[in-house]
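> Predicted structure and sequence below. I'll ask about it afterward.
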Amino acid sequence: MDIIETPLLGVKVIQPQVFGDSRGFFLETFEKNRYKEMLDIDLEFVQDNHSRSTKDVLRGMHFQTINPQGKLVRVVRGAVYDVAVDIRPDSPSFGQWYGVLLTEENKTQFWVPPGLAHGFVVLSDVADFEYKCTNYYTPEHEACLIWNDPRVGIEWPVETPRLSEKDKRGKSLEELAL
């Protein structure tokens, strides 16, 4: 697999090796020893999630204030623009964002370490999104950075996303007071 470093500390883009022919394809989506060695991911994954969303749905920018989750994400159907924002106050990349196109065709994965806000917007009619998490989901500790915080300045490829009520109430980086 090829590993692409990003400007955000610890955030990586993974392009797995795909073996394919006229019958279809095969790829490893996770192998503990290889990911530990190549990505320096020495965390246990405790939960796998699968979501389905429709065009222009934006989910995010979510994180947990206690028991933060690292997420290894990929798209198995459709296409999304996936974004991480560094909200770790002591990080050299605090307040910066990075986005990557994840599609069923490119089979790219995105590693978002614990302590970052994460979200995505759906570009295809439907997208199935899978992610492995390093900690359990605890709704009482979930928080949300507003998707369009001008200080962060994420350049979303969708002008008017469809948001949940929770995501509409996200807070700015300043309001989060991390």
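The structure has been received and is ready for your questions. What you see is a predicted model; the values in this text were computed from it and never measured.
> Residue 174: neighbour count?
10 (other Cβ atoms under 10 Å). C-beta here means a position set from N, CA and C on the backbone, and glycine is covered the same way.
> Relative to its centre, which residue of this structure is most distant?
residue 22 (31.1 Å; Cα atoms, centre = their mean).
> That one and residue 114: what is the separation?
The gap separating residue 22 from residue 114 is 41 Å, by Cβ to Cβ, to the nearest Å.
> Give me the nearest residue to residue 14, chain neighbours excluded.
residue 109 (4.0 Å; Cβ to Cβ, 6 or more residues apart in numbering).
> Can you tell me how far that neighbour is from residue 123?
Distance from residue 109 to residue 123, by Cβ to Cβ: 17 Å.
> of these two, who's got more company?
residue 109 (27 against 18).
> buried stuff in the longest helix anywhere in the chain?
In the chain, taking DSSP state H as the definition, the longest helix is helix 32-39. By neighbour count on 16 or more other Cβ atoms under 10 Å, the buried set for helix 32-39 is 35, 39.
> continuing past it, what's the next helix or strand?
Sequence order places strand 47-54 as the next helix or strand after helix 32-39, per DSSP states H and E.
> Now do the next helix or strand after that following strand: distance to the chain's middle.
Once strand 47-54 ends, the next helix or strand along the chain (criterion: DSSP H and E) is strand 58-64. Strand 58-64 sits 9 Å away from the centroid of its parent chain (Cα atoms, centre = their mean, to the nearest Å).
> Tell me which other helices or strands the very next helix or strand once past strand 58-64 touches.
Remark: after strand 58-64, the chain's next helix or strand is strand 71-77, criterion DSSP H and E. Secondary-structure packing of strand 71-77 (3 or more Cβ pairs under 8 Å, 6 or more residues apart in numbering; DSSP states H and E): strand 97-103, strand 109-112, strand 116-122, strand 126-133.
> and the angle from strand 71-77 to strand 116-122?
10 degrees (axes from the mean of the first three to the mean of the last three Cα atoms, to 10 degrees).
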